[in-house]
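> sequence below, structure please.
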Amino acid sequence: MNARSFSASEKAPQAAICTMRRDFYRRYDLLLASWYLLPSQAQRQMDSIRHDLHEDLGRWRPQQAEPNWSAYAARVETIRATIVVR
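I've put the predicted structure just below:
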C-alpha cells in the first residue's frame, strides 16, 4: 500500500477537527429539525450558512486546512440564541 501511517501527533489535530465538525452538524441539525417553526429571518440565516459552507467545501482540497467549523457552529448558535421559545 502507498498510504502512509499517521503518528499520534498527526492524529490529535484531526480529532479536534472532527469534534468541531460534529459540533457544527449537531447544532445545525437541531435547527433544521424545526425548520417550519423558525421565523423567516432565521430561515434566511440558515440558508446563508448552508450556502457559505457549500462554497467553502466546494473550494476545499485535501491538502488544505478544513473550513473553520467552530465559526460555522458559532453562527448557528447565534441563530438559536435569538429564537424565542413560545
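> give me the residues contacting the helix or strand that contains Ser48.
Assigned by DSSP states H and E, Ser48 belongs to helix 40-59. Helix 40-59 is contacted from outside by 28, 31-32, 35, 38, 67, 72, 75-76, 79, 82-83, using C-beta atoms under 8 Å, 6 or more residues apart in numbering. (C-beta placed from N, C-alpha, C; glycine too.)
> how about the least confident helix or strand in the chain by mean pLDDT: buried residues?
Evaluated with mean pLDDT, DSSP states H and E, the helix-and-strand set of the chain has its lowest mean pLDDT in helix 8-33, which scores a mean of 83. By neighbour count with 16 or more other C-beta atoms under 10 Å, helix 8-33 contains the buried residues 20-21, 23-24, 27-28, 31.
> contact partners for the residue nearest the centre of the chain?
For the chain, the residue sitting closest to the mean C-alpha position, by C-alpha atoms, centre = their mean, is Phe24 at 3.7 Å. The contact partners of Phe24, taken as C-beta under 8 Å, 6+ apart, are 69-70, 72-73, 76.
> can you tell me the helix or strand for the nearest residue to it once chain neighbours are set aside?
With C-beta to C-beta, 6 or more residues apart in numbering as the measure, Ala73 is the residue that lies nearest to Phe24, at 4.2 Å, once sequence neighbours are left out. Assignment of secondary structure by DSSP H and E places Ala73 within helix 69-82.
> mean confidence for that helix?
Mean pLDDT, helix 69-82: 92.
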